[in-house]
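Engineer: no sequence on this one, just coordinates:
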């Protein structure tokens, strides 16, 4: 989409096309394209239909607000979920931030949360068409500048202005996980954190070697999905590593890295939230739960007494079986199991393949956890606790 088409899309002239596209059951179909092309040029019809398809996908991230947003495929993919964007904006307001520069704003998801929180926003976007859409999404509540973030940063980042950056993680070849491919460059945006309140967002799998000294790092889990890592400068302790669970807001400080003790299977199994694992907080969580791991490096925690925690999914352990396919197949048959959830850590097992080989055909359901232990590989029959 070019800037001219984007300006049409956000204008009142496009509203009838968007309304007709919204009435199409399948905006990606030939029938939908044919219907809209009766009244609008092919590029405008395609833009309206594409927008409706993106808005339907965007409901998972933005809820009801998705119906009024203007989106691009790449922008939607990288956009922050609403709960996460609000959490970030609240963190900034608690730090006393009144003005923020969003370098590489994309479609404006984070800028919108900042504006909603009462923070003055200057948003910078390199792509002219995306900047038009961001401006429409922000509705005049932020200043949107078109240009290269590296070139514009020094002119917009004044004293007392906070920084937010979410470097684009795409190249001409598609999505990239190489830090060296980020735009604006990773070293540039992390360098801007020095001496100011700021946040740089990254993918949750960010290598530890890419985290500079002097920043606090959070790993954010939203409804059990690990969605991002973020680097923070300002009032947050340098070098800290924190797991954040949303929408609850629960936080676990990983503290100094320490290995949990190794021991036998217990009456309860805790599966740590992925944010806890990425933050290196399994040892800290083990201390809270008086728990141990079945083998060094395995991210399951076993305990003899039940201590409730938001930082893990907890299961009651009912049976401990040999990790032998014949034993498991017999158990499935004898317990009339037809639906099996299989969870695996530390073993070379494909859950989907094993599920087929166990031939479940009954009426009951079960959850199996396969893990190495101090006594060898085991299959545990567990029940998820609420």
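Structural biologist: Noted; the coordinates are in hand. These numbers were taken from a predicted model, which means no experiment stands behind them. Numbers count the residues shown, from 1 in each chain.

Engineer: and the closest residue to residue 318 other than its chain neighbours, what is it in contact with?
Structural biologist: Spatially, and ignoring its direct neighbours in sequence, residue 318 is nearest to residue 381 (4.8 Å; C-beta to C-beta, 6 or more residues apart in numbering). Heads up, the C-betas are built off the backbone N, CA and C, glycines and all. By C-beta atoms under 8 Å, 6 or more residues apart in numbering, the contact set of residue 381 is 317, 318, 319, 320, 321, 331, 366, 367, 368.

Engineer: just residue 380 next, same as before
Structural biologist: By C-beta under 8 Å, 6+ apart, the neighbours of residue 380 are 265, 269, 317, 319, 320, 321, 368, 369, 370, 371.

Engineer: tell me the bridge partners for the fourth one.
Structural biologist: The reference is to residue 319. residue 381 (DSSP bridges).

Engineer: mind pulling up the pLDDT for it?
Structural biologist: Here the pLDDT value assigned to residue 319 is 96.

Engineer: quick one: it and residue 335, what's the gap?
Structural biologist: 10 Å (C-beta to C-beta, to the nearest Å).

Engineer: among the contacts of residue 380, name the buried ones.
Structural biologist: Those of the contacts of residue 380 that meet the buried threshold are 265, 269, 317, 368, 369, 370, 371, by 16 or more other C-beta atoms under 10 Å.

Engineer: list just the nearest of those residues to residue 344.
Structural biologist: Closest to residue 344 out of those is residue 370 (4.6 Å), distances taken as C-beta to C-beta.

Engineer: now that closest one: closest residue in space that isn't a chain neighbour?
Structural biologist: Per C-beta to C-beta, 6+ apart, closest to residue 370 is residue 344, 4.6 Å.

Engineer: the one you found: neighbouring residues, count only.
Structural biologist: 15 (other C-beta atoms under 10 Å).

Engineer: with residue 68 instead?
Structural biologist: Neighbours around residue 68, by other C-beta under 10 Å: 11.

Engineer: same check on residue 128?
Structural biologist: 15.

Engineer: now for it: which residues touch it?
Structural biologist: Counted by C-beta under 8 Å, 6+ apart, residue 128 has contacts 2, 3, 6, 146.

Engineer: before we move on, back to that, would you reformat the contacts of residue 381 as a markdown table and include distance to residue 386?
Structural biologist: Shown next, in a markdown table, are these (distance: C-beta to C-beta, whole Å):
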| residue | distance to residue 386 |
| --- | --- |
| 317 | 16 |
| 318 | 16 |
| 319 | 20 |
| 320 | 23 |
| 321 | 25 |
| 331 | 25 |
| 366 | 17 |
| 367 | 14 |
| 368 | 20 |
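
Engineer: picking up where we left off before, want to throw the buried ones among the contacts of residue 380 into JSON lines with secondary structure and distance to residue 251?
Structural biologist: Shown next, in JSON lines, are the buried ones among the contacts of residue 380 (DSSP: H, G, I helix; E, B strand; the rest coil; distance: C-beta to C-beta, whole Å):
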{"residue": "265", "secondary structure": "coil", "distance to residue 251": "29"}
{"residue": "269", "secondary structure": "strand", "distance to residue 251": "23"}
{"residue": "317", "secondary structure": "strand", "distance to residue 251": "28"}
{"residue": "368", "secondary structure": "strand", "distance to residue 251": "32"}
{"residue": "369", "secondary structure": "strand", "distance to residue 251": "27"}
{"residue": "370", "secondary structure": "strand", "distance to residue 251": "31"}
{"residue": "371", "secondary structure": "strand", "distance to residue 251": "28"}
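
Engineer: those into TSV, with extra columns for distance to residue 277?
Structural biologist: Below are these laid out as TSV (distance: C-beta to C-beta, whole Å):
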residue	distance to residue 277
265	20
269	15
317	20
368	21
369	16
370	18
371	15
